[in-house]
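In: Kindly return the folded structure for what I paste below:
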Amino acid sequence: MTDGKHMPSPSWYFTKRRAIDRIRDPIAGEFFANETINRPGEALVREGIQNALDARRNNETVRVRLFVSGSLEEISASDLTSSLDGAWPHLEAKGNGLRDTPKRTDNCPYLVFEDFGTIGLEGDVAQTIDPPPGLRNPFFFFVRAEGRSDKSEKDRGRWGVGKQVFPMASRINSTFAVTVRSSDAKRFLIGQAVLKTHQINGASYTPDGWFGIEPRNDLPVMPVEDQVLIKKFSTLFKLHRGDEPGLSIVVPWYYLDITHNELLLAVIRHYFYPIITGDLEVSIETPRYSHKVTSTTLESVVEEVDGSFKQEVQPLIGLAQWAHKCDKTRLPKLMFPAREIAPAWSKELFAENILKSLQDFYEHGKPFAVRVPMYVYANDGTSSESYFTVFAVRDKHSVDQKPVFIREGIMISDARAPRCGGVRSLVVVEDKSLATMLGDAENPSHTRWEPGSHFKGKYRCGRQSLEYVTRSVFEIIRVLTEAEKSEDRTLLVDLFSLPAEGDPTQQPEQLPDSGTEPPEPPEPPTPTEQVLRISRTKGGFAIVPGKAPAKLFSIFEVRVAYDTRRGNPLKKYRSEDFALESAPVEVQSQGLELKHCAGNCITARINDATFRLSVSGFDPNRDLYVKVVPEVVADGD
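Out: Okay, here's the model as predicted:
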């Protein structure tokens, strides 16, 4: 079995269509391509890595290798002869569905997708019908089934069309696969092609073709077991498989617009979370470039990518890194929604101490996490307790931002969730009960949740449960901001404007009714009458004379805090934010006597008409709120 002697030679085999067979033009690939992800490289990364994570072996780190040869290391036509024996008449047939068929004399650029730390394609390789319930056969479903999957509730995929991304990426709609199985260490090679029903010399052929050993005795095309041939094939396509369990897929004549950069960005965008958690590592290689993306290299790799993409993902990666480091056993928890009815958001889900804590973190721009429990109701009358976790941080640079949803490591990139401006957030679903329900609600490309075929009729309150998850960030922030105390009208609203002297909230004295109209109130001072002016400086602010002359030896008071979305920022000042008397804050004065400078308050006496007060060293990522109150005192105070 291993020396290559007396073994039949592999070839490509297509089946002649019988009169009773339906003319079939497979559409699974086209259907998948018309989903949200329509770039073949991005789809290949999403679906290929998802399948690898589903095949994970004993909680090992899944390692994925992507290699694109480009034109520099393409394979010569002569070296491909044995791998395409029997295929060319079908690849050249009219009406076979191929649009850009290479010539027999063309060299072959190729793409490789390999996974390690996985179990490989287990199961009976001779299986031709669905395995009985409870008996899984990944080989059968990968090689011989279309639009079907044996993935269970524990798996990320459901539809059985994810594998279509590999032939979709090929100009001949074909792939080869080498697998080593964890259970028995056996190594197999098989090829697949999916065309349309086509004719050769008057004979009609079905769309599906296989590269392997000629079918006999009612067996299907069998995979190659000749280890000499498999080693030769692996060497030709520079596979790293060796004897380690897993799956290697070769895409011949891949579309050259699938580039190293596209694959790298897709890996970072869609799988940054399992990379951060250490569940996944990905290498993207070409003859010229190589990037290995791991939990320790992710940040440095992101530094090398396009500027706009870097600005998009860096804050999210930072939040995900913080989330990974959180002690998940000590997260604050909301209340369960009312049982046996559709879940709904309300302030009553928040215990008073948890609400206050979350408000505090939110208002001070610090990341926070909260576990959201809920029930999952099956249509058979059973229910289970489950949960998801929200990680969020206030971010003024995050404009009209949608939450990012992660289900078992997969980013659901088009989840229909309300946008939440000024907040960056992750919603992570890891508990199996809820993850299963959400997985059942996903479309074939796993980009959004919708009550479709796998979901319909399977859950009670299903649609409302989906909305409970997708609206979570919006509703949590709404509760946090609505619970703020009413705004203190005595405060400066504009960051660097100066309030009019006196108390703007004090009601005018009520005069007795004399039968005459009260005198007109005096005109309020105009900006030109201000004796103090505040200006923005790098990292802080400065106070200088205004248009009106300042009275010497008068005293003014300055109070500072980081701005908050609602309520009185000064009341929310904490010594952990900054202290005016301590580094990194620096206070400089000219023509002033600082009578007090501590905490968030400065009191200063004006000794010179050309005075200046400069304060710097504040967090550049947070807005300042400054209140200045002039106070005229007697000379010689």
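
In: For the rest of this, base every contact and every neighbour count on C-alpha atoms.
Out: Fine.

In: hmm, who's touching the helix or strand encompassing residue 478?
Out: In this structure, residue 478 is located in helix 472-482 according to DSSP states H and E. Residues from elsewhere that reach helix 472-482, judged by CA atoms under 8 Å, 6 or more residues apart in numbering: 345-347, 355, 358-359, 390, 403, 418-420, 425, 427, 565-566.

In: repeat that with 7 Å
Out: Outside helix 472-482, the residues that touch it by CA atoms under 7 Å, 6 or more residues apart in numbering are 345, 347, 359, 403, 418, 420, 566.

In: Run through the bridge partners of the closest residue to residue 365 other than its chain neighbours.
Out: Computed as CA to CA, 6 or more residues apart in numbering, the closest residue to residue 365 that is not its neighbour in sequence is residue 394, at 5.0 Å. Beta bridges link residue 394 to residue 423 when assigned by DSSP bridges.

In: repeat for the one 10 residues further on
Out: Beta-bridge partners of residue 404, counted by DSSP bridges, are residue 426.

In: where does the residue nearest to residue 365 land on pLDDT?
Out: pLDDT for residue 394: 90.

In: Count residues in the vicinity of it, would you?
Out: Close neighbours of residue 394, defined as other CA atoms under 10 Å, add up to 21.

In: Please apply the same query to residue 472.
Out: 20.

In: And residue 353, by the same measure?
Out: Neighbour number of residue 353 under other CA under 10 Å is 10.

In: Shouldn't it be within a helix?
Out: Yes - judged by DSSP: H, G, I helix; E, B strand; the rest coil, residue 353 forms part of a helix.

In: re the thing from before, show me the contacts of helix 472-482 that map onto strands.
Out: Among the contacts of helix 472-482, no member falls in strands (DSSP state E).

In: And the strands in the stretch 451-600 of the chain, which stretches?
Out: 532-537, 540-545, 555-562, 586-590, 592-598 (DSSP state E, counting those that start in this stretch).

In: Now tell me what touches the shortest one from outside.
Out: I take that to be strand 586-590. By CA under 7 Å, 6+ apart, strand 586-590 touches 611, 612, 613, 614, 615, 616, 617.

In: Quick check: strands, which of the residues you listed are part of them?
Out: Per DSSP E, these map to strands at 612, 613, 614, 615, 616.

In: what's downstream of the helix-or-strand element of the chain with minimal mean pLDDT, the next helix or strand?
Out: Ranked by mean pLDDT, DSSP states H and E, the helix or strand of the chain with the weakest confidence is helix 28-33, at a mean of 42. Under the assignment DSSP H and E, the closest C-terminal helix or strand after helix 28-33 is helix 40-54.

In: Paired strands for the helix or strand hosting residue 114, with orientation please.
Out: Per DSSP H and E, residue 114 falls inside strand 110-116. Take DSSP bridges as the rule and strand 110-116 pairs in its sheet with strand 62-68 (antiparallel), strand 246-252 (antiparallel).

In: a markdown table for these, including distance to residue 561, mean pLDDT and mean neighbour count?
Out: Converted to a markdown table, the strands paired with strand 110-116 look like this (distance: least, CA to CA, whole Å; pLDDT from 0 to 100; neighbours: other CA atoms under 10 Å):
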| stretch | distance to residue 561 | mean pLDDT | mean neighbour count |
| --- | --- | --- | --- |
| strand 62-68 | 47 | 98 | 23 |
| strand 246-252 | 57 | 97 | 25 |
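
In: per-domain residue ranges of the chain.
Out: 11-258, 326-482, 527-631 (automatic domain parsing).

In: Now do the same contact list for the residue nearest the centre of the chain.
Out: Centroid-nearest residue in the chain: residue 411, 4.6 Å away (criterion: CA atoms, centre = their mean). The neighbourhood of residue 411, defined by CA under 7 Å, 6+ apart, consists of 270, 271, 405.

In: Could you say which helix or strand holds the second one?
Out: Using DSSP H and E, residue 271 maps to helix 260-276.

In: now for that helix, which elements pack on it?
Out: Judged by 3 or more CA pairs under 7 Å, 6 or more residues apart in numbering; DSSP states H and E, helix 260-276 is in contact with helix 40-54, strand 280-285, helix 307-325, strand 410-412.

In: Run the angle between it and strand 280-285 for me.
Out: Orientation check (axes from the mean of the first three to the mean of the last three CA atoms, to 10 degrees): helix 260-276 against strand 280-285 gives 160 degrees.

In: Quick one: residues in contact with helix 260-276.
Out: 41-42, 45-46, 280-281, 284, 286, 294-295, 317, 320-321, 409-411.

In: quick one: buried residues of it?
Out: For helix 260-276, a neighbour-count test (16 or more other CA atoms under 10 Å) marks 260, 263-276 as buried.

In: what's the answer for stretch 571-579, then?
Out: In stretch 571-579, counting by 16+ other CA under 10 Å, buried: 572, 573, 578, 579.

In: Could you dump the strands of the stretch 451-600 of the chain into a markdown table and include mean neighbour count and mean pLDDT?
Out: A markdown table is the format used below for these (neighbours: other CA atoms under 10 Å; pLDDT from 0 to 100):
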| stretch | mean neighbour count | mean pLDDT |
| --- | --- | --- |
| strand 532-537 | 16 | 86 |
| strand 540-545 | 19 | 91 |
| strand 555-562 | 19 | 90 |
| strand 586-590 | 15 | 92 |
| strand 592-598 | 15 | 90 |
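
In: Just list the residues touching the closest residue to residue 592 other than its chain neighbours, thanks.
Out: Counting by CA to CA, 6+ apart, residue 606 is the residue found nearest to residue 592 once chain neighbours are left out, at 4.9 Å. By CA under 7 Å, 6+ apart, the residues touching residue 606 are 552, 553, 554, 555, 591, 592, 593.

In: Now distance to residue 290 too, for those residues, in JSON lines please.
Out: Output for those, formatted as JSON lines (distance: CA to CA, whole Å):
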{"residue": "552", "distance to residue 290": "69"}
{"residue": "553", "distance to residue 290": "69"}
{"residue": "554", "distance to residue 290": "67"}
{"residue": "555", "distance to residue 290": "65"}
{"residue": "591", "distance to residue 290": "61"}
{"residue": "592", "distance to residue 290": "61"}
{"residue": "593", "distance to residue 290": "62"}
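
In: burial measure for residue 55, as a count.
Out: 25.

In: For it, what are phi and psi?
Out: Dihedral pair for residue 55: phi -100, psi 20, per degrees, to the nearest 10.

In: and if you look at residue 82?
Out: Dihedral angles for residue 82 - degrees, to the nearest 10 - are phi -70, psi -30.

In: now the strands for the stretch 51-200 of the chain?
Out: Here the stretch 51-200 of the chain has its strands, by DSSP E, counting those that start in this stretch, at 62-68, 110-116, 174-180, 187-194, 198-200.

In: so residue 391 makes contact with residue 429?
Out: No - here residue 391 lies out of contact with residue 429, judged by CA atoms under 7 Å, at a distance of 11.4 Å.

In: hey, what's in contact with both of these two?
Out: In contact with both residue 391 and residue 429: no residue, using CA under 7 Å, 6+ apart.

In: Was I right to think residue 591 contacts residue 607?
Out: Yes - here residue 591 reaches residue 607: they are 5.3 Å apart, a contact under CA under 7 Å.

In: picking up where we left off before, hmm, which of the ones in strands among the contacts of strand 586-590 are the buried ones?
Out: Applying 16+ other CA under 10 Å to those flags 612, 613, 614, 615, 616 as buried.

In: Now flag whichever of those is closest to residue 214.
Out: Closest approach between these and residue 214, by CA to CA: residue 616, at 79.2 Å.

In: Could I get the pLDDT score of the closest one?
Out: 93.

In: That one contacts residue 540, correct?
Out: Yes - in terms of CA under 7 Å, residue 616 counts as a neighbour of residue 540; the distance is 4.2 Å.
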